[in-house]
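Asks: Dropping a prediction and its sequence here:
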Amino acid sequence: MKTRKLLKVIWIVGITFILNRVINIAIANSAEQTFPNRNIALVVPFPPGGLVDLAGRILAEEFSKNLGTSVIIINKSGGGGAVGWREVMQSKPDGYMLALIPNSLILIGSHQSPDVIQFSDATFIARFVSTPNLLLVRKESPFKTFEDLINAAKKNPGKLAGSGGAVTFGGYFTFQLICQEAGVNIRHVPMQGGAPTITALLGGHLDVGVVATNAVVGLLKAGDLRALVSSSVKLPEFPDIPTIAEKGYPNAAFGLWVGIVGPKGMDKSVVDKISKAFEKSVRNPAVINKFAETGLQFDYLRGQEFVKEIIRDTAKIGKVIEKSK
Amino acid sequence: MDFAQNLVYGFSVAISPVNIFFCFLGALLGTLIGVLPGLGPAAAIALLLPVTFKIPATASIIMLAGILYGAMYGGSTTSILVNIPGESASVVTCFDGYQMSKKGRAGPALGIAAFGSFIAGTFSTIMIMLLAPLLVRAALKFGPPEFVGLMLLGLTMVAFLSEESLLVALMMTLIGLLLGTIGIDPVVGNQRFTFGILSLMTGIEIIPLVMGIFGISEVLMNLEQTQEFEIFKGKIKGLLPTRTDWQDSAKPIARGTVIGFFLGIIPGVGAIIPTFISYALEKRLSKHPDKFGTGVIEGVAGPESTNNSASMGGFIPLLTLGLPTTGIMAMFLGALVIHGVQPGPLLVKQHPDLFWGVIASMYIGNFMLLILNLPLIGIWVQFLRIPYWILFPSIILFCLVGSYSVNGNYVDIILLMIFGGVGYLMRKAKFPGGPLILGFILGPMIEEALRQTLILSDGEFAIFFSRPICLSLIVINLLLLLSTPIKELLLKRIMT
C-alpha cells in the first residue's frame, strides 16, 4: 500500500518535471523567432495612483496595440523605487521586462544608493513626459512676485520656512537649486511629498512650497495658491507664471520627467521595435491629451538624447548634494 | 440654504440606472475585498483604475467610493471571525470581536459592526454635505506642532489598551516605536536599521506586520490544541444584536462616528489611529473596563463606526482642496484627473453633478451595504464551522497573498513569516499586539512632526505651548494621564 503511494508520487513528480521542461524549451524556442510573442511587463516601481503609475496606465493600451502584445502594468514598490529598479535591471534583457521611471528615482538614487542604482545597468529607451515644479505661496502671502520672496529671504536669512518635500523628492532639489542660485537661505522643513507640503502651505505653516504642477492645478485655478515661478518650462494652461530662466537663473532649471527603460544588453532590434511602438503610442493625440489632463506635458527624447539629459540633471543634483554635505 | 435642493439634485444624479449599478458593484466588490484579509481597498482600486477610464467620471468615482466604504464594512468580518484584520483599519476590531466569536456571539458582533458602519457612514455623508468646505479650513490649522499634540494623545491611549500589565504594554509600544524607525530618516535621508536590505528602505509595511502578529500567530496558537476542530463548537447564539447589545452600543457608535469623522478630515491622520482612540475612549468611559478584550460589544461598535466615518472624512480634503491624504485618496485623484476633473475648491461649482451625485450615492451605497450585509451574516457565521484543516491553510494562504499584493515584493512575505513567529511568542508570553501596532503607526508620525516643528521654531520647545490647539491637546493629554491615579488617590482617602 505504502509503496504504491510512493510510486504514485514519483510518477506525478516525474510527469510534472518533464512537462515543465518541454514547455520551457517551447517557450525558449519561440522567443527566438519574433520579438513580442508574449505579454510584456511594464514595471512601475511605486504604489498605484501616483504620477508615474497614471502615465503608465494612460499609455498601456495604445502601447499594447502598437506592439501587438499585451503590455501589463505591474507595481513593484519599496525602497523609494529602488526595489522595482533592481528587479528590472537584473531581469533577462529580452525586452519582456521594462520599467517606467521618474528622474527623481535615478538621479537621487544614484547618489543615495549607488550600489543599487547605476546608469550603466540600464538601456534608456525614451523620455516621454515632463512637468515643472512650481514655487508656490498661499493666497494671503505678502509675496506677490518671485522677487518679493527673494528680497524678503535676503533681508531675513534663515527666517522664512519652506518645503519641497523630503530629500528623496524632486521638489527638494528644485527648492535647493533655486535657493543656491539666488543666494538665499530659506529654512527647509521636510515633508513626505506634495500633499503634506500643500496642506502645510494652505494652513499657513510654511511660507513657500515647491510642488509638481499636476498636484496644484485646481488650487491655482481657484486662487488659493499663487505660483511665483515655474522650475523649467512655461505651462500652456498658466501663461502668466514666469519660468526660472526668465527670472535670471537658467542654471536652477529642473523639472520632473518620466521615461521608459530596460535592462542593459538588450538586442538592438528589440530596442528599436519597442522604441518605435512606444513613440507611436505616446505621440497619439488622445494619449497626449490624457497626459495633459493629469498635468503632464508630452516631451519626447529618444535614446542618446535621453541619456544626455540624464547626465545634465545628475550634474545639477550633484551640486546640491555637495553643498548640503 | 439651498441644501435641500442640492440633496435632491444629488439624488437625481445618483439614482440614474448607470450610477445605481456602479454603486452596487462598488459596494459588493468592496465587501468581498474587505472580507479577504490583506487584499485592501487600495489594491482593488488600483486594479480597477484603468477600467474607470472607460466609464463616466461620476460613475467611476461612485464605484471607487463604494469599494472603499464596502471594504470598511467587510474588513470587520475576518477580524471578528478569524482574528485577522480584513484591512488595516480593522485591527482594533480583533480585540473584542474575535473574543465574541469564541463565545458564540459572532452574529451580534457582525451585526453591530454593520449597523455601526451604516450609522457612521450616513452621519459622515450628511456632514460632508453640510460642512465640507468649512471643516477643511479648520483641519488645515493642524500644522506640525498640532500633530505632535494629537499623536501624543494617541500614545496615551496605550495606557488603555493594556489588558494585563501596563509595563508590558509600554514595552510593546517601545518595540513598535523602534520598528517604526526602520527606513529612510525623514529629515536627512540616511538609511536607518535597513542592514542594506533594499526593501526596508521605506520601512516595514503595515500589512505584513499586522497579519503576522494577529493572523499567523493565531493559526500557530490553535495548532497547539489538537482537540478542537472548529473555532466555536457550541450553539451560535442569535444572529442579530439583542436589545441589551443595542443599549451597550448606542453611545460607542455615536462617539466613534464623531471622533472618526473629525480626525479623518485632518490630512495625514488616516483611519487606523481614530479606531485606537475610539477603543481606548470606550474602555476609559466603560463601567467595566476590565472586561474589554474578553468580548464586549462596545469594543466592536465604537471602532467599527470610527473607521467608516474616518474613511469618509478623508474625502473632504480631496473634494474641497484636491489633497490626497492617503494612498487611496491619491488613486481617487488619479481617477478624477484622468476624466479631466480637477478636484479642488472649484469642484463643487464646476462639476456639481459629480460632487452632489457622489455624495448622494454614498448615502444609497451605505444603505445597500446594510441590506447586503445583514443576510450575509448568517453565511459568514457558518465559516466558524469550517474544520481547521481547511480553515488554517486558507488563512495562511490569504495572509501570504495579501502581504505580497501590497508591493509585489517577496520580502514582505518573509517579514510576514517573521512577525508571525514573533506574534506567536508574544501570545505565549501574553504580550499584547495592539500597543505594538499603535507604536509602529505613531512613531514615524511623531518623529516627523516633532522634527518639523523644531525646524520651524528653530529649536524652541515653547512653540508647543504658544499655539492654542496644540496646548489644549497637551492639557487634555495630561488630564487623561493623571485622571486615573488621582481618582485612585481620592478613593483611598475616602476609604480610610
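Replies: Perfect, thanks for sending it.
Asks: make it CA atoms for all contacts and neighbour counts henceforth
Replies: Will do.
Asks: Just the helices from the stretch 301-450 of chain B, written as ranges.
Replies: Assigned by DSSP state H, counting those that start in this stretch, the stretch 301-450 of chain B shows helices spanning B:315-321, B:327-338, B:347-350, B:352-382, B:388-407, B:411-428, B:434-456.
Asks: Kindly report the same for the stretch 1-150 of chain A.
Replies: Under DSSP H, counting those that start in this stretch, the stretch 1-150 of chain A gives helices at A:2-33, A:51-67, A:82-89, A:103-112, A:146-155.
Asks: ranking those by burial, who's on top?
Replies: Among these, the stretch with the highest mean neighbour count (mean count of other Cα atoms under 10 Å in any protein chain shown) is helix A:82-89, at a mean of 24.
Asks: if we can go back for a sec, would you list the helices of the stretch 301-450 of chain B in CSV and tack on distance to B:Ile297 and mean pLDDT?
Replies: CSV is the format used below for the helices of the stretch 301-450 of chain B (distance: least, Cα to Cα, whole Å; pLDDT from 0 to 100):
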stretch, distance to B:Ile297, mean pLDDT
helix B:315-321, 28, 82
helix B:327-338, 29, 80
helix B:347-350, 40, 79
helix B:352-382, 16, 85
helix B:388-407, 25, 82
helix B:411-428, 23, 93
helix B:434-456, 18, 91
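Asks: Tell me which of those helices sits most buried.
Replies: helix B:315-321 (a mean of 26).
Asks: need the contact list for B:Tyr363.
Replies: Going by Cα atoms under 8 Å, 6 or more residues apart in numbering or on different chains, B:Tyr363 touches B:121-122, B:125.
Asks: Mind pulling up the pLDDT for the residue in the stretch 51-200 of chain A that chain B sits nearest to?
Replies: Chain B sits closest to A:Gly79 of the stretch 51-200 of chain A, with a gap of 4.5 Å, by Cα to the nearest Cα. On the pLDDT scale, A:Gly79 is placed at 75.
Asks: Kindly reformat the helices of the stretch 1-150 of chain A as CSV containing mean pLDDT and distance to B:Tyr363.
Replies: As requested, these are arranged in CSV below (pLDDT from 0 to 100; distance: least, Cα to Cα, whole Å):
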stretch, mean pLDDT, distance to B:Tyr363
helix A:2-33, 65, 52
helix A:51-67, 91, 29
helix A:82-89, 90, 40
helix A:103-112, 76, 41
helix A:146-155, 95, 46
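Asks: Need phi/psi at B:Gly459.
Replies: The phi/psi pair for B:Gly459 (degrees, to the nearest 10) reads phi 90, psi 0.
Asks: what's around it, how many residues?
Replies: If you count neighbours by other Cα atoms under 10 Å in any protein chain shown, B:Gly459 ends up with 12.
Asks: where's it relative to B:Thr453, distance?
Replies: For B:Gly459, the distance to B:Thr453 (Cα to Cα, to the nearest Å) stands at 8 Å.
Asks: do A:Ala215 as well
Replies: Taken as Cα to Cα, the span from A:Ala215 to B:Thr453 is 24 Å.
Asks: Next: B:Met495.
Replies: 46 Å.
Asks: Can you pull out the low-pLDDT segments for the chain?
Replies: Assuming you mean chain A. Residues of chain A meeting the criterion pLDDT under 70: A:1-7, A:17, A:21-33, A:110, A:324-325.
Asks: Please refer instead to chain B.
Replies: Ranges of chain B meeting pLDDT under 70: B:1-2, B:38-39, B:133, B:162-163, B:226-238, B:496.
Asks: re the thing from before, dump the helices of the stretch 1-150 of chain A to TSV, plus distance to B:Pro352.
Replies: Listed next are these as TSV, based on distance: least, Cα to Cα, whole Å:
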stretch	distance to B:Pro352
helix A:2-33	53
helix A:51-67	25
helix A:82-89	40
helix A:103-112	37
helix A:146-155	35
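Asks: Let's have these in JSON lines, adding distance to chain B.
Replies: Listed next are the helices of the stretch 1-150 of chain A as JSON lines, based on distance: least, Cα to the nearest Cα, whole Å:
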{"stretch": "helix A:2-33", "distance to chain B": "21"}
{"stretch": "helix A:51-67", "distance to chain B": "6"}
{"stretch": "helix A:82-89", "distance to chain B": "6"}
{"stretch": "helix A:103-112", "distance to chain B": "8"}
{"stretch": "helix A:146-155", "distance to chain B": "15"}
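Asks: For the stretch 51-200 of chain B, which segments count as helices?
Replies: Going by DSSP H, counting those that start in this stretch, the stretch 51-200 of chain B shows helices at B:57-82, B:91-102, B:106-139, B:144-156, B:158-161, B:166-180.
Asks: Stretch A:95-106 spans what distance, first to last residue?
Replies: OK, stretch A:95-106 end separation, Cα to Cα: 20 Å.
Asks: what's that stretch in contact with?
Replies: A:35-36, A:38-45, A:52, A:56, A:80-82, A:84-85, A:88, A:91, A:117-119, A:168-170, A:256-263, A:266, A:270-271, A:274, A:310.
Asks: Which of those are buried, as a ChimeraX select command?
Replies: To isolate the buried members of those in ChimeraX, using 16 or more other Cα atoms under 10 Å in any protein chain shown:
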select /A:35,36,40,41,42,43,44,45,52,56,80,81,82,84,85,88,117,118,119,168,169,170,256,257,258,259,260,261,262,263,270,271,274,310
